[in-house]
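Student: What follows is a protein structure lacking sequence information:
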DNA sequence: CTAAAATCCTGGTGGC
DNA sequence: TGCCACCAGGATTTTA
């Protein structure tokens, strides 16, 4: 299953800016009420109407639409969410649970087979984004900051990298990939890393995310799609994720899959200590 | 405080 | 072939 993570969300945001910035929402149809986390569906529909899209950005795995009325529209795609722009008279999509009408006659459609995705409309963006950890690709995310954060943690590294309050935007794919590149076992306790290992991990996180961004994300089973419907290319460059039993790209040992913190975790038993 | 487990969903998988 | 129990997976909530 595809879980849009930082590189995928960033790629989608880049593709939505052209067609959407300057457009105004003229209405929204909600086919599955649980998708709208905040406010109530009725208030959501009332408040979004007439607001113009001034900008679109990413924070962690959230897409954020900055609206003219001062509200921020947050969309989290979770597992299977997709965004697509279609003509208003195009046939309905099978999983199109939320459809935004635009002032140019087109629609922004939020498709989500598993219905895990969530939408928030808030006046204060900290209501949703306030507890997120640092952005791993930001200039001000430094090795010394990362080292200070990781030294305080006692738990296993894999769940820590997935913790959005610790660091924002990393999901199952890039956690496994970064730990492999760093040569560190996913079950290592964070506070047992040497200074050298912390530096390797810091570099690995940034390198893996940059490479995936250059590849426009990872598409599995067609579930993550770019704004134009195209697929990413990073699935061709994965080192361990979803490669159980296949040879490690570094040493040739069989990649193993275990469960850590309730999540499927892929690693090389020879290269990762 | 941390950690584990339940929760939400449904297409895909594997067993019989 | 058909039926069905079970699984994955992010983030939140609950429980220990």
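Tutor: Happy to help now that I have it. These numbers were taken from a predicted model, which means no experiment stands behind them.

Student: and chain A, what are its domains?
Tutor: Structural domains assigned to chain A are A:6-129, A:143-267, following automatic domain parsing.

Student: Going by neighbour count, list what's buried in stretch A:174-190.
Tutor: A:174-182, A:184-188, A:190 (16 or more other C-beta atoms under 10 Å). For glycine as for every other residue, the C-beta is placed from the backbone atoms N, C-alpha and C.

Student: do stretch A:86-99 as well
Tutor: Neighbour count says stretch A:86-99 has A:86, A:95, A:96, A:97, A:98, A:99 buried, by 16+ other C-beta under 10 Å.

Student: Show me which pair in the residues you listed is furthest apart.
Tutor: Spanning the widest gap among the buried residues of stretch A:86-99 are A:86 and A:97, at 14.4 Å by C-beta to C-beta.

Student: ok, now which ones touch the closest residue to DNA strand C within the stretch 101-250 of chain A?
Tutor: As assessed by C-beta to the nearest atom of the strand, DNA strand C sits closest to residue A:172 within the stretch 101-250 of chain A, at 3.3 Å. Each residue near residue A:172 by C-beta atoms under 8 Å, 6 or more residues apart in numbering is listed here: A:3, A:5, A:162, A:241, A:263, A:264, A:265.

Student: give me the subset of these touching DNA strand C.
Tutor: Among the contacts of residue A:172, proximity to DNA strand C is found for A:3, A:162, A:263, A:264 (C-beta under 7 Å from any atom of the strand).

Student: Now list the buried members of those residues.
Tutor: A:3, A:162.

Student: Which ones among the ones next to DNA strand C among the contacts of residue A:172 lie within helices?
Tutor: Among these, the ones falling in helices (DSSP state H) are residue A:162.

Student: Could you list which of the ones next to DNA strand C among the contacts of residue A:172 belong to strands?
Tutor: A:263, A:264 (DSSP state E).

Student: Quick one, which of the ones next to DNA strand C among the contacts of residue A:172 has the minimum pLDDT?
Tutor: Of all those, residue A:3 carries the smallest pLDDT score, 76.

Student: Surely that residue and residue A:78 touch.
Tutor: Yes - using C-beta atoms under 8 Å, residue A:3 is in contact with residue A:78, at 7.3 Å.

Student: So what sits opposite the residue of chain A found nearest DNA strand C in the bridge?
Tutor: Nearest residue of chain A to DNA strand C: residue A:264, at 2.8 Å (C-beta to the nearest atom of the strand). Here residue A:264 sits in beta bridges with residue A:259, going by DSSP bridges.

Student: so what secondary structure elements neighbour the helix or strand residue A:25 falls within?
Tutor: Using DSSP states H and E, residue A:25 sits in strand A:25-30. Contact partners of strand A:25-30 among helices and strands, from 3 or more C-beta pairs under 8 Å, 6 or more residues apart in numbering; DSSP states H and E: helix A:41-48, strand A:96-102.

Student: Name the residues of the helix or strand just after the first one that come out as buried.
Tutor: If I follow you right, that is helix A:41-48. Next helix or strand after helix A:41-48 toward the C-terminus (DSSP H and E): strand A:53-59. Across strand A:53-59, burial judged by 16+ other C-beta under 10 Å covers A:53, A:56, A:58, A:59.

Student: Could you do stretch A:158-171 as well?
Tutor: Within stretch A:158-171, judged by 16+ other C-beta under 10 Å, the buried ones are A:158, A:159, A:160, A:161, A:162, A:164, A:166, A:167, A:168, A:169, A:170, A:171.

Student: same deal with stretch A:252-270?
Tutor: Buried residues in stretch A:252-270, counting neighbours by 16+ other C-beta under 10 Å, are found at A:255, A:256, A:260, A:265, A:266, A:267, A:268.
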